[in-house]
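Undergrad: Next one to model:
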Amino acid sequence: MNVQEFIDAHKDEFLNELFDFLRIPSVSTDSSRKDQIEAAANFLVGQLESIKLNRVERFETPGHPIVYGEHCPYNNRPTVLVYGHYDVQPSDPDHLWDTPAFEPTVKDGKIYARGASDDKGQSFTHVKALQSLLATDGALPVNVKILLEGEEEIGSPNLVPFLESHAEMLACDMVLISDTSMFGLDQPSITFGLRGLAYMEVEVVGPNRDLHSGVYGGAVENPLNVLCEIIAKLKDEHGVIQIPGFYDKVQPLSSEDRQAMAELPFDEEAYKASLNVNALHGEHGYTTLERASARPTLDVNGIWGGYQGEGAKTVLPSKANAKISMRLVPHQDPKEIAALFKQYVESLAPDTVKITVEEHHGGHASRTDLGFYGLKAAAQAFEDVYQTQVLFSMEGGSIPIVADFKRVLGSESILMGFGVTSDAIHSPNESFHIKDFYRGIKTSARFFQILAEQQHS
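TA: Residues are numbered from 1 along each chain as shown. You can find the predicted model right below:
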C-alpha cells in the first residue's frame with residue numbers, strides 16, 4: 001500500500017481525530033480557557049508521539065506551551081520546519097452559530113467548528129501526512145521538524161524569543177505553513193506575499209463619570225463624539241490614509257505584480273454577491289484584488305462607549321474606545337507606523353479630553369521568491385493531487401511569524417493553504433471542506449516526496 005492509498009484507507013480515523021481536536025475550546029485570548037489550551041497542547045504531544053517521531057517535546061513559555069517534534073535521519077537531504085497553531089479565536093457571538101462552535105458538525109461536505117480552517121484542520125493535515133509516510137515507508141523522504149504554538153491569535157508574544165533561543169534546534173531549509181486560503185474551491189494557489197500588521201487601541205476620557213446628557217450636554221465634551229471625529233479624519237473619502245508619513249516607504253506595485261493579479265480568475269460581481277453588498281469601496285486607483293492584498297489599509301475593528309442596552313438612556317459617556325488595525329506592505333515597519341499613528345491621533349485630540357493610544361501587536365509583511373525550489377515542489381504537489389494548475393497570489397492577511405522565520409532562521413516560508421475564503425475564519429460558522437482536509441494530507445505527503453526526488457535528480 002502506497003502513501004496515497006493509506007490516506008484513503010484511514011479517512012474516517014483521521015477525521016474523527018480532527019473532531020477530537022476541534023472539540024477542545026483552546027481560545028488563547030481567554031484566560032479562563034487555560035486548561036483547554038493545555039489540553040490541546042497535550043493532544044498534539046500524544047499525536048506526535050503516536051506516529052513515532054524521533055523526538056517529541058513540550059516547551060513551556062511565559063504564556064501557552066509550544067509543541068515540537070522532529071524526524072531528521074539525513075545529513076544530505078533538505079530539512080522542512082512545519083509551523084502551525086492550535087489556539088483559536090473566541091466563538092462569540094455564539095447566537096449567530098447555526099451549530100455549536102466546539103462540537104464539529106458535518107453539513108454540505110464541510111466541517112463546521114471554530115478552528116476547522118484556522119488553523120487546527122489545516123495544520124493537522126501535516127501531522128496525518130507524516131503519520132501516513134512513516135506507516136507506509138517506515139521513514140520520511142526528507143528531514144522534518146514540526147512546531148505548533150498556542151498564541152498565534154494573540155500575536156505570538158513568546159514565539160520569537162523561542163525562535164531566537166532555539167535557533168540551532170529549529171535550523172531548516174524552508175518553513176511549511178498551512179494557514180492561508182486557496183484562490184477558490186478546487187483552484188489551488190500558493191500565497192507568496194502577506195501583509196504586515198500594526199494593531200492599536202485608542203481610549204478617549206472626558207468627565208469622571210457618565211453624565212445626564214440633558215443636564216451636561218453642550219457644556220462638557222462627549223468622548224464618544226471626539227473619538228468618532230478622530231476616526232473620520234484617519235482616511236479621506238477616496239480611502240487614502242491621512243497619517244503623515246504613512247506611505248513614505250510604500251513602493252509602487254510593479255507591472256509584474258499587477259499583471260499577475262489581473263490574470264487571477266476574479267469575478268467581482270460574484271464577490272459582491274457572496275458578501276451581500278451592492279458596491280465595493282477602497283483606495284482609488286487600484287483594483288479590488290490589489291486593495292485587498294497588496295496595498296496598506298486602516299480599519300476600525302471595534303468601537304464602544306456609553307449606553308448599549310435595550311431602549312433609551314440619555315447619557316453622556318465618560319469614555320470611549322476603539323480598536324484599529326493597519327495592514328502593511330513590504331518596507332513599512334510596524335513599530336514606526338504605530339508611532340506615526342499615535343502621534344497623529346494625539347494631535348487630533350482637543351484639550352477637553354485625555355487620550356491614550358496603545359499598541360497591541362504587529363508584524364512585518366513578507367514575500368517569498370517565486371524561483372525558490374521549495375515553492376516549485378509545493379506547486380507540483382498541488383498539481384499532482386488536485387490535477388489543476390496552481391496559481392500564485394498575494395493575501396491581505398498577516399502571519400507575522402513568516403518575517404521572523406526569515407530574520408531568525410534565514411528560511412523562506414511556503415504558504416500551502418487548503419482553506420478557501422468562504423470558510424468564515426474568525427466569524428460564526430467557520431468551516432473547512434472535508435475533501436480539502438483529505439487532499440491537504442495527500443498534498444503535504446506528496447510535497448515531502450517531491451523534495452526528495454528533486455534532491456536526487
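Undergrad: Is Ser411 in contact with Val175, as I believe?
TA: Yes. Ser411 is in contact with Val175 according to CB atoms under 8 Å; the separation is 5.2 Å. (Each C-beta comes from the backbone N, C-alpha and C, glycine too.)
Undergrad: list residues touching both of those two?
TA: Taking CB atoms under 8 Å, 6 or more residues apart in numbering as the criterion, Ser411 and Val175 both touch Leu81, Phe405.
Undergrad: Same drill for the two, tell me which one is more crowded.
TA: Of the pair Ser411 and Val175, Val175 is the one with more neighbours under other CB atoms under 10 Å, namely 24 against 20.
Undergrad: Doesn't the more buried one lie inside a strand?
TA: Yes. Assessed by DSSP: H, G, I helix; E, B strand; the rest coil, Val175 belongs to a strand.
Undergrad: Run through the bridge partners of it.
TA: Beta-bridge pairing for Val175 (DSSP bridges): Leu81, Ser413.
Undergrad: need the contact list for it.
TA: Applying CB under 8 Å, 6+ apart to Val175 gives the contacts Val80, Leu81, Val82, Tyr83, Val402, Phe405, Leu409, Ser411, Glu412, Ser413, Ile414.
Undergrad: is it true that the second one touches Val142?
TA: Meaning Leu81. No. If you go by CB under 8 Å, Leu81 and Val142 don't touch, sitting 11.2 Å apart.
Undergrad: Can you list phi and psi of Leu130 for me?
TA: When quoted as degrees, to the nearest 10, the phi and psi of Leu130 stand at phi -60, psi -40.
Undergrad: who's in contact with it?
TA: With contacts defined as CB under 8 Å, 6+ apart, the neighbours of Leu130 are Ile51, Leu53, His71, Leu140, Val144, Ile146.
Undergrad: from those residues, which is closest to Thr356?
TA: Nearest to Thr356 out of these is Ile146 (CB to CB; 40.7 Å).
Undergrad: Skip ahead from the helix or strand encompassing the closest one and say which helix or strand is next.
TA: With elements taken from DSSP states H and E, the one containing Ile146 is strand 143-149. Next in sequence after strand 143-149, counting helices and strands by DSSP H and E, comes helix 159-165.
Undergrad: What residues sit buried inside that next one?
TA: Going by neighbour count (16 or more other CB atoms under 10 Å), the buried part of helix 159-165 is Leu159, Val160, Phe162, Leu163.
Undergrad: Where do the helices of the protein begin and end?
TA: With DSSP state H, the ranges of helices along the chain come out as 3-9, 11-22, 34-50, 120-137, 159-165, 213-216, 223-232, 255-262, 268-275, 288-293, 334-348, 373-386, 401-404, 434-456.
Undergrad: tell me the angle the last one makes with strand 143-149.
TA: Using axes from the mean of the first three to the mean of the last three CA atoms, to 10 degrees, one finds that helix 434-456 and strand 143-149 are set 140 degrees apart in direction.
Undergrad: What helices and strands are in contact with helix 434-456?
TA: Here helix 434-456 touches helix 3-9, helix 11-22, strand 110-112, helix 120-137, helix 373-386, going by 3 or more CB pairs under 8 Å, 6 or more residues apart in numbering; DSSP states H and E.
Undergrad: Can you give the domain ranges for this protein?
TA: According to automatic domain parsing, the chain is divided into the following domains: 3-194+365-456, 196-250+296-363.
Undergrad: list the contacts for Lys11?
TA: With contact set as CB under 8 Å, 6+ apart, Lys11 has these partners: Tyr438.
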